[in-house]
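1. Here is my input; please provide its structure:
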Amino acid sequence: MPMTPRQMVKLLQRNGFARITQNGSHLKLFNKITQKTVIVPLHNKDLGIGLEQSILKQAGLK
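-> Just a heads-up that it's a prediction; the model follows:
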């Protein structure tokens, strides 16, 4: 089941990511331990499966 952007942000924050900046409808999160940066689009619809998997892969959670 696809995640909403809010669910994705909560998941990333539970895994050590912190909000850095927000530019329009895109939120940038950074993890100090792994030195990884992830950008999550904050739209009203669910994230697409490919985008969801890509964000998790960039974050090192997949």
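
2. Report the contact partners of residue 32.
-> 16, 18 (CB atoms under 8 Å, 6 or more residues apart in numbering). Bear in mind the C-beta positions are built from the backbone N, C-alpha and C, glycine included.

3. Quick check: it vs residue 22, distance?
-> 18 Å (CB to CB, to the nearest Å).

4. same thing with residue 31?
-> 17 Å.

5. of those two, who's got more company?
-> Between residue 31 and residue 22, counting by other CB atoms under 10 Å, residue 31 is the more crowded of the two (17 against 13).

6. Enumerate the beta-bridge partners assigned to the more buried one.
-> Following DSSP bridges, residue 31 is listed with bridge partners residue 17, residue 36.

7. for this protein, what spans make up the helices?
-> In the chain, the helices defined using DSSP state H lie at 5-14, 49-59.

8. Minimum distance to residue 42: which of those helices has it?
-> Across the helices of the chain, residue 42 has its closest neighbour in helix 5-14 (4.9 Å, CB to CB).

9. by contact count, what packs against the closest one?
-> Helix 5-14 makes packing contacts with strand 26-31, strand 36-41, helix 49-59 when contacts are defined by 3 or more CB pairs under 8 Å, 6 or more residues apart in numbering; DSSP states H and E.

10. dump the residue contacts of the residue nearest to residue 52 when sequence neighbours are not counted.
-> Of all residues beyond its chain neighbours, the one nearest residue 52 is residue 3 (5.7 Å), with distances taken as CB to CB, 6 or more residues apart in numbering. Residue 3 is in contact with 11, 46-47, 52, counting by CB under 8 Å, 6+ apart.
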